[in-house]
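Trainee: test case, fold it:
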Amino acid sequence: MTGTELVIDTVTLTAGAHRLVEDVSLTACPGEVIGLVGPNGSGKSSLLRAVYRVLRPATGQVSVDGTDAWSLPVRRLAQTVAAVVQESDADFDLTVREVVAMGRTPHKRLLDGDTPEDADLIETALAVVDATDLAHRPFDRLSGGERQRALVARALAQQPSLLVMDEPTNHLDIRHQLDVLGTLRRLPATVLVALHDLNLAAYYCDRLYVLCDGTVTASGPPAEVLTPQLLARVYGVTSEVTLHPRTGAPQVTFLPGEPRTPTSCG
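Mentor: Modelled structure (predicted):
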């Protein structure tokens, strides 16, 4: 598993007459963890769909190592990009191990069985997300958090060079949130991840892109992006931002008060 370069160049995404994302540009260098943050409906999930090739750009281009992602053969794309999405189907009549083993499919020919290397990668992926004891459980009987860990393990078993993750900590308890994001941080792969928790994003991401109303309103290192002024403008909240004395990462504290309407995304 190595990192790949992702370039999103002035991408606009539409659904009928509605613009989901407009003229968004983003770069993720090999091995970086890039965070997408912003309010609900700001375009984070839509932008991720363009990367893992579910939503075709109306204009602009998504490139993986200099090649238009939409021109890649399906198998090549699956060997390069793995996705963990929010809307995953839970109705798999499979065990957890069988679901994780699906991550090896892009690397096989039709009717190929598991090799010893495949088995090792599957077991390692299960162990990394603390799901070894779930291996023989039916996937459709898991809790939301257990299911999420299995889907992250499937993506890890795929050994992609680009991981695209839409709220991968969704449903997870605090320990497993930290475990999953710590794993992403240690991978040589490039990671593009949408997160709601700004403190987790500040600690684990190299750079952040703040989306608001489908456009990028700020981007850069977390300490430069996460300011009380930006949070008031984009989220309509009052906050204090300090540097954590142990981690050195920005720490956002939200303050009580009447919610305010965001003033502008510009």
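
Trainee: CA only for contacts and neighbour counts going forward, please
Mentor: OK.

Trainee: wouldn't Gln158 be in contact with Gly103 here?
Mentor: Yes - Gln158 lies in contact with Gly103 (C-alpha atoms under 8 Å); the separation is 4.2 Å.

Trainee: among these two, which residue is more densely surrounded?
Mentor: Gln158 (29 against 25; other C-alpha atoms under 10 Å).

Trainee: list the contacts of the more buried one.
Mentor: Neighbouring residues of Gln158 by C-alpha atoms under 8 Å, 6 or more residues apart in numbering: Gln79, Ala82, Met102, Gly103, Arg104, Thr105, Pro106.

Trainee: checking the fifth one next. Helix, strand or coil?
Mentor: Arg104 falls in the helix class when you classify it by DSSP: H, G, I helix; E, B strand; the rest coil.

Trainee: would you show me how to pick out the buried ones of the contacts of Gln158 in PyMOL?
Mentor: To isolate the buried members of the contacts of Gln158 in PyMOL, using 16 or more other C-alpha atoms under 10 Å:
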select buried, resi 79+82+103+104+105+106
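
Trainee: what ranges does the protein have for its helices?
Mentor: Using DSSP state H, the helices found in the chain span residues 44-51, 74-80, 96-101, 116-128, 144-157, 174-186, 198-204, 222-225, 228-235.

Trainee: so which of those is nearest Gly3?
Mentor: Smallest distance to Gly3 across these (C-alpha to C-alpha): 9.5 Å, for helix 74-80.

Trainee: list the buried residues of that closest one.
Mentor: Buried-residue list, helix 74-80, by 16+ other C-alpha under 10 Å: Leu77, Ala78, Gln79, Thr80.

Trainee: nearest residue to the second one in space, please, no chain neighbours.
Mentor: Excluding its sequence neighbours, the residue lying closest to Ala78 (C-alpha to C-alpha, 6 or more residues apart in numbering) is Pro106, at 5.7 Å.

Trainee: what do you get for the first one?
Mentor: The spatial neighbour of Leu77 that comes closest, neighbours along the chain excluded (C-alpha to C-alpha, 6+ apart), is Ala69 at 7.3 Å.

Trainee: and the gap between the one you found and Val191?
Mentor: 16 Å (C-alpha to C-alpha, to the nearest Å).

Trainee: Ile174 now?
Mentor: 21 Å.

Trainee: also Thr2?
Mentor: 11 Å.

Trainee: shared neighbours of the two, anything?
Mentor: Joint contacts of Thr2 and Val191 (C-alpha under 8 Å, 6+ apart) are Gly31.

Trainee: Leu163: which of the contacts of Gln158 is nearest?
Mentor: Ala82 (5.1 Å).

Trainee: what about the closest residue to that closest one other than its chain neighbours, how many residues nearby?
Mentor: Of all residues not flanking Ala82 in the chain, Leu163 sits nearest, at 5.1 Å (C-alpha to C-alpha, 6+ apart). Neighbourhood size, Leu163 [other C-alpha under 10 Å]: 27.

Trainee: possible to save the helices of the chain as TSV with mean pLDDT?
Mentor: Putting the helices of the chain into TSV (pLDDT from 0 to 100) gives the following:
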stretch	mean pLDDT
helix 44-51	97
helix 74-80	93
helix 96-101	96
helix 116-128	95
helix 144-157	94
helix 174-186	94
helix 198-204	97
helix 222-225	96
helix 228-235	93
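
Trainee: for these, give me a markdown table that also has distance to Thr14.
Mentor: Putting these into a markdown table (distance: least, C-alpha to C-alpha, whole Å) gives the following:
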| stretch | distance to Thr14 |
| --- | --- |
| helix 44-51 | 9 |
| helix 74-80 | 23 |
| helix 96-101 | 32 |
| helix 116-128 | 36 |
| helix 144-157 | 28 |
| helix 174-186 | 30 |
| helix 198-204 | 27 |
| helix 222-225 | 27 |
| helix 228-235 | 22 |
